[in-house]
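Undergrad: Build me a structure from this.
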Amino acid sequence: MRKDPSLKVEFIQEIISKQFHFDVPYRRAWYAKEKAIVEIFGDWESSYGRLPHFMQALQQSNPGTCVVWKHKALVDGVYYSNMEVFERVFWVFSPCIDGFKHCMPVICIDGTHLYKKYKGTLLVATSVDASFQVFPLAFAVVEEKNTFSWSWFLGCIRVHVTQRDGLCVISDRHPGIIAAMNDPNVGFTEPRAYHRFLCVPHSFSLEDSRAKQRQDMFKAAAYQRQERKLQADQCFIGEACTKAMEYIVQVPFTMWSLFHDAGRRYGICTINFSETFNNVLKGARFLPIMSLVELTFHRVIGISL
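TA: I've put the predicted structure just below:
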């Protein structure tokens, strides 16, 4: 569990069976896994209480590291006047802020759900360095993916990470992201920044496009750099599925087509960079919040080394 907190209960049962020739019921193995996580990484309640002290120590030992908190006083209709109740936290390490100055002006954003006792969502922003490698940028734990959380996350990036103009933000078509990108108060409206969607197979949720053949056609059209080839691919899609073609033309070509992109996305048509870094954080979603933050620190330091 120390090496991989995401181990499945079935795998634990298999290990016990092979090593000790004893079959453990699923429920008992699940409880054992929970106890192991608490013993190694601490419990969920105290983790929230220790997080502010850990963040403060992190900032003191790593000058330039930025942490932004958002608290609330009203929880489930109850007003807490004598305490601050955690709602969101944003953090970015100093080397990431400095390193982004030398990266491509591209930011890929993605969110992944947290598991276990307290739900939430981990938001991750990554970029691409000069060697076309993943560059971890910023993190946040929020209540869920919505317009308010995405606006807050992007606003923190604009204020505390970079003031560069002409940035290209690549994301999926989540309504909260679209609303945040269109909000001038967030700081990512054109010409300060440009919003681009994922390549078509990931962007367009259509029953008719689920077939592998049609997905390949969508992808081919998104990656075309010549107008005549793009038009030919559109014809193929229209012949294969009229509804799919009608749906595609409703979205501006600049958002998903490389030919119409004007070079903003540097040929990046997916958020695989964010998803790749999510694999680096494998297991983090199962941990108490302080251990999750600590893991991002150690993994980012390991990548930089």
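Undergrad: which ones are touching residue 115?
TA: 285, 286 (Cβ atoms under 8 Å, 6 or more residues apart in numbering). In this view, the C-beta of every residue, glycine as well, is placed from N, C-alpha and C.
Undergrad: where's it relative to residue 145, distance?
TA: 15 Å (Cβ to Cβ, to the nearest Å).
Undergrad: With residue 154 instead?
TA: Relative to residue 145, and taking Cβ to Cβ, residue 154 is found at 12 Å.
Undergrad: where does the protein dip in pLDDT?
TA: 74-81, 116-117, 199-214, 243-244, 247, 270-276, 278, 302-305 (pLDDT under 70).
Undergrad: so where's the longest helix in it?
TA: For the chain, the longest helix by residue count, based on DSSP state H, is helix 44-61.
Undergrad: what separates it from the chain centre, distance-wise?
TA: 22 Å (Cα atoms, centre = their mean, to the nearest Å).
Undergrad: that's a helix at residue 121, yeah?
TA: No - using DSSP: H, G, I helix; E, B strand; the rest coil, the secondary structure at residue 121 is strand, not a helix.
Undergrad: That one contacts residue 141, doesn't it?
TA: Yes - between residue 121 and residue 141 a contact is recorded at 7.2 Å, counting by Cβ atoms under 8 Å.
Undergrad: list residues touching both of those two?
TA: Common contact partners of residue 121 and residue 141 (Cβ under 8 Å, 6+ apart): residue 114.
Undergrad: give me the number of residues near residue 3?
TA: Residues lying near residue 3 (other Cβ atoms under 10 Å) number 6.
Undergrad: Identify the bridge partners of residue 126.
TA: Bridge pairing for residue 126 (DSSP bridges) gives the partners residue 108, residue 136.
Undergrad: So between residue 154 and residue 145, which is more surrounded?
TA: residue 154 (26 against 20).
Undergrad: Quick check: that one touching residue 179?
TA: No - between residue 154 and residue 179 there is no contact under Cβ under 8 Å: 10.6 Å.
Undergrad: the helices in the stretch 51-200 of the chain, which residues?
TA: 94-100, 147-160, 175-181, 200-203 (DSSP state H, counting those that start in this stretch).
Undergrad: looking just at contacts, which helices and strands does the first one meet?
TA: Looking back up the chat, that one is helix 94-100. Under the contact definition 3 or more Cβ pairs under 8 Å, 6 or more residues apart in numbering; DSSP states H and E, helix 94-100 sits against strand 134-142, helix 289-304.
Undergrad: Identify the residues contacting it?
TA: With Cβ under 8 Å, 6+ apart, helix 94-100 has contacts from 62-66, 127, 129, 135-138, 160-162, 300, 304.
Undergrad: quick one: which of these has the most company?
TA: Neighbour-wise, those (other Cβ under 10 Å) top out at residue 138, 28 neighbours.
Undergrad: what residues are up against that residue?
TA: 90, 91, 92, 96, 124, 125, 153, 156, 157, 161 are the contacts of residue 138 under Cβ under 8 Å, 6+ apart.
Undergrad: Go ahead and confirm the second one touches residue 294.
TA: No - the pair formed by residue 91 and residue 294 falls short of the contact definition of Cβ under 8 Å, at 11.0 Å.
Undergrad: Compare the two (neighbour count), which wins?
TA: residue 91 (22 against 17).
Undergrad: For residue 225, which of the helices and strands packed on helix 94-100 is the nearest?
TA: Proximity to residue 225, assessed across the helices and strands packed on helix 94-100 by Cβ to Cβ, is greatest for strand 134-142 (23.9 Å).
Undergrad: May I have the closest one as CSV, with CA atoms only?
TA: Output in CSV follows, covering the C-alpha atoms of strand 134-142 (Å, rounded to 0.1, in the frame of the first residue of the first chain):
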residue,chain,number,x,y,z
VAL,A,134,5.2,17.1,-19.8
PHE,A,135,5.8,20.1,-17.5
PRO,A,136,3.7,20.0,-14.3
LEU,A,137,2.4,23.5,-13.5
ALA,A,138,-0.3,23.9,-10.9
PHE,A,139,-2.7,21.9,-8.7
ALA,A,140,-6.0,22.5,-6.8
VAL,A,141,-8.4,20.5,-4.8
VAL,A,142,-12.0,21.7,-5.2
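Undergrad: what's the spacing between it and its chain's center?
TA: That offset, for strand 134-142, works out to 7 Å (Cα atoms, centre = their mean).
Undergrad: What is the neighbour count of residue 69?
TA: Using other Cβ under 10 Å: residue 69 sits among 14 other residues.
Undergrad: Test my guess that it contacts residue 88.
TA: Yes - Residue 69 is within contact range of residue 88, at 7.5 Å (criterion: Cβ under 8 Å).
Undergrad: Return the residues in contact with residue 258.
TA: By Cβ under 8 Å, 6+ apart, the neighbours of residue 258 are 222, 223, 224, 225, 265, 267, 269.
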